[in-house]
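*Asks:* this one's sequence-less:
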């Protein structure tokens, strides 16, 4: 019997330069900016935590003007909220490392 490994879907992570450092964004859900990649990463994670935990408490409330998010997006954000609610670190899930 073959064992199949299936990676969980993650929105695209984008890195760009700014006039004072860099910007790290994740699939339009959140971004972080900083003089270093570490600071941008820290800000991104803080914003994702805020989004994920608000999502868990308020349910599926999205601005109609933005359109409906995909089920993959909803599942990803929900998973981040589950990890955070359980006391875990979402960095592993967001950046894909163990």
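*Replies:* Yep, it's here. Predicted, not measured: the structure shown is a model, and the values here were computed from it.
*Asks:* okay, CA-based contacts and neighbour counts for the rest of this
*Replies:* Noted.
*Asks:* now the helices for this protein?
*Replies:* 37-58, 71-85, 91-95 (DSSP state H).
*Asks:* Take those helices and lay them out in JSON lines including mean pLDDT, distance to residue 8 and mean neighbour count.
*Replies:* What follows is the helices of the chain, written out as JSON lines (pLDDT from 0 to 100; distance: least, C-alpha to C-alpha, whole Å; neighbours: other C-alpha atoms under 10 Å):
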{"stretch": "helix 37-58", "mean pLDDT": "92", "distance to residue 8": "17", "mean neighbour count": "18"}
{"stretch": "helix 71-85", "mean pLDDT": "91", "distance to residue 8": "8", "mean neighbour count": "17"}
{"stretch": "helix 91-95", "mean pLDDT": "93", "distance to residue 8": "9", "mean neighbour count": "16"}
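*Asks:* Need those in TSV (columns: distance to residue 18).
*Replies:* Below are the helices of the chain laid out as TSV (distance: least, C-alpha to C-alpha, whole Å):
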stretch	distance to residue 18
helix 37-58	11
helix 71-85	26
helix 91-95	21
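*Asks:* And these: which comes nearest residue 27?
*Replies:* helix 71-85 (8.6 Å; C-alpha to C-alpha).
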